[in-house]
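> Sequence first, then the predicted structure, then my questions.
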Amino acid sequence: MSQIRVRFAPSPTGELHLGGARTAIYNWAFARNNDGVFMLRIEDTDPERSTPENTAQILRSMRWLGLDWDEGPEVEGAFGPYFQTQRDAHYTDALEKLKTTGAIYPCFCTADELASKRDEARKSGGYSGYDRTCRALSRDQAQTRIDAGEPHVWRLAVPLDQDEITISDLVHGEISFPLSALDDYIVARTDGTVTYNFAAAVDDTDMQITHVIRGDDHMSNTPKQVLTIKALGAPIPQYAHLPMIWGPDGKKLSKRHGATSVEAYQDEGIIPEALLNYLALLGWSLDGETTVIDADTLTNNFSLERISKNPAIFDAAKLEWLNGVYLRDMAPEEFAPHMVSALGEQGLADSADYERRTDWYHELAPLVNERIKLTTEIVPMVRFLFTDDIEIDEDARAKVLEKEGAIEAIRAARTILADCPWDVESIDAALKVLPEQLDAKPRFVFQPIRVAITGSTISPPLFESIKLLGREKTLQRLDALL
RNA sequence: GGCCCGUUCGUCUAGCGGUUUAGGACACCGCCCUCUCAAGGCGGAGGUCACGGGUUCGAAUCCCGUACGGGCUACCA
């Protein structure tokens, strides 16, 4: 059997959003699991909405997710170019071929005429596509008008000698469309440029795509593309149409649901492993039990048969939970770079500092990564260790510091820490006696100390925090409240 | 309007005719642990498998209708 070749074909009219990312993931995983080729093709034929910035953003997002493509922009390959705007020659060839076989015909109806015909037909209740007026023209008649310079488009002549066309979809099974409901769709516009359905069909043919894995919204386009490929005399690829991803309200995912692009999630503190994992399992399942799956397991087990047929609602809470799972699983040397980068953005740390006291960072890492879900939570939790410019939270001041016994606890801690050996065990042992000594519940003793040192009621464990802060700064912060 | 697709706990899903009193995960609730917050442990609530008909000894699983939701129906992709 020939090698499996799949493609992800985004149109750079916007950022890479979650639905597109998932389509890319499934294509990639399918190719990897079958020793196939994963191709990236940019469908930039809409000059109004396509931008190089969007293309760059899509490539960036894919790399971030770890989706490496074997052919496409920047890596190139034998089937390029990989931008549709650079493939005119291929489309012209295909067009010429279909003109000679008569599979397409020129249509001189104007856009206005078509619009009014459509409106009228709809009003009387039964619009089912172009009425094929120009299909009745003889070749000579048509050629004469073309020679006279009359503006025209080219349409695909849908075969009339069969009832229906059946496409076999690897997700949905066999799907039949009555040909009577199919339009003689426009393949080439008045200005000579080709339309999406034609370009996609020609490209999939020329690029020898074996499996077209794409969104459900293309299902109705498939018969047009199949008819086109047949007219070209090429083999029909296999299709797999993925269900849509919806927002929490069951409507199409959009800005009003918050972040929709891959980069937006990156900014919100999601790491690529988690997004890949979440999206992979949104519409596909390994066994119904597995919720945490790494890239290798995915690429070794992905199958089109286990893609679900029904749309899925995007659940941000579950993504965040997964993100937390990945964060918690990280070893100190894996997590520390995330801390450095988050702190770096605030000018609180840099890689030089990390180099200088790597052990210190590695001691801090496990205290942090097990209590957060998003990398954006890192800085608020450890900020007190990186600057003396800490402000004590108003709420914490009122609820903790102004309580009876708070100052006494801080004073007692100050005395103990002034000459306690500086390791976690010693600090722990020394401070643990305070509740009994002051005859107070542990929380009433330790919370004031925590607020004094970290500025907040929420922090990494106290004794470890004290140890990492260092004796000098610890005493300074306690003194500040006495 | 026409054509196509879909419908299992709030959400993601397992289930491919009997092993199911429908399993897992997130979210939710309670308890435990505890210096805060998390994490973790234990337990709980939550589904008349959209609805109605069939087929069958037996249906979430097969068939047909209906309802609801979605997609396409552009000289957009």
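Good, I have the coordinates.
> for the stretch 101-250 of chain A, what spans make up the helices?
Using DSSP state H, counting those that start in this stretch, the helices found in the stretch 101-250 of chain A span residues A:111-123, A:139-147, A:196-206, A:222-231.
> can you list the weak-confidence ranges in chain A?
Counting by pLDDT under 70, the low-confidence segments of chain A come to A:1, A:125-126, A:128.
> Where does it get nearest to RNA strand B, residue-wise?
residue A:288 (2.4 Å; C-beta to the nearest atom of the strand). For every residue, glycine as well, the C-beta is placed using N, CA and C.
> tell me the contacts of that residue?
If you count contacts by C-beta atoms under 8 Å, 6 or more residues apart in numbering, residue A:288 has none.
> Secondary structure element holding it?
For residue A:288, there is no enclosing helix or strand under DSSP states H and E.
> Distance check, it against residue A:301.
Distance of residue A:288 to residue A:301, given as C-beta to C-beta, to the nearest Å: 13 Å.
> and if you look at residue A:406?
Residue A:406 sits 56 Å away from residue A:301, going by C-beta to C-beta.
> Of the two, which one has the most company?
Set residue A:406 next to residue A:301 and count neighbours by other C-beta atoms under 10 Å: residue A:406 wins out with 21 against 15.
> returning to that earlier point: how near is the residue of chain A closest to RNA strand B to residue A:19?
23 Å.
> How far off centre is the longest helix seen in chain A?
Ordering each helix of chain A by length in residues (DSSP state H) puts helix A:18-33 first. How far helix A:18-33 lies from its chain's middle: 10 Å, per C-alpha atoms, centre = their mean, to the nearest Å.
> quick one on the thing from earlier: distance to residue A:362 and mean neighbour count added to the helices of the stretch 101-250 of chain A, as CSV?
Shown next, in CSV, are those (distance: least, C-beta to C-beta, whole Å; neighbours: other C-beta atoms under 10 Å):
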stretch, distance to residue A:362, mean neighbour count
helix A:111-123, 67, 12
helix A:139-147, 75, 12
helix A:196-206, 50, 23
helix A:222-231, 54, 22
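> Nearest to residue A:360, out of the ones you listed?
Closest approach to residue A:360 among those is made by helix A:196-206 (54.5 Å; C-beta to C-beta).
> tell me the angle of the closest one relative to helix A:222-231?
50 degrees (axes from the mean of the first three to the mean of the last three C-alpha atoms, to 10 degrees).
> CA atoms only for helix A:196-206, dumped as PDB, please.
Taking Å, rounded to 0.1, in the frame of the first residue of the first chain, the C-alpha atoms of helix A:196-206 are listed here in PDB:
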ATOM      1  CA  TYR A 196     -12.000  27.100  -2.600                       C
ATOM      2  CA  ASN A 197     -13.700  23.800  -3.500                       C
ATOM      3  CA  PHE A 198     -11.800  23.600  -6.800                       C
ATOM      4  CA  ALA A 199      -8.400  24.500  -5.300                       C
ATOM      5  CA  ALA A 200      -8.800  22.100  -2.500                       C
ATOM      6  CA  ALA A 201      -9.700  19.300  -4.900                       C
ATOM      7  CA  VAL A 202      -6.800  20.000  -7.300                       C
ATOM      8  CA  ASP A 203      -4.300  20.400  -4.400                       C
ATOM      9  CA  ASP A 204      -5.400  17.200  -2.700                       C
ATOM     10  CA  THR A 205      -5.000  15.400  -6.000                       C
ATOM     11  CA  ASP A 206      -1.700  16.900  -7.000                       C
END
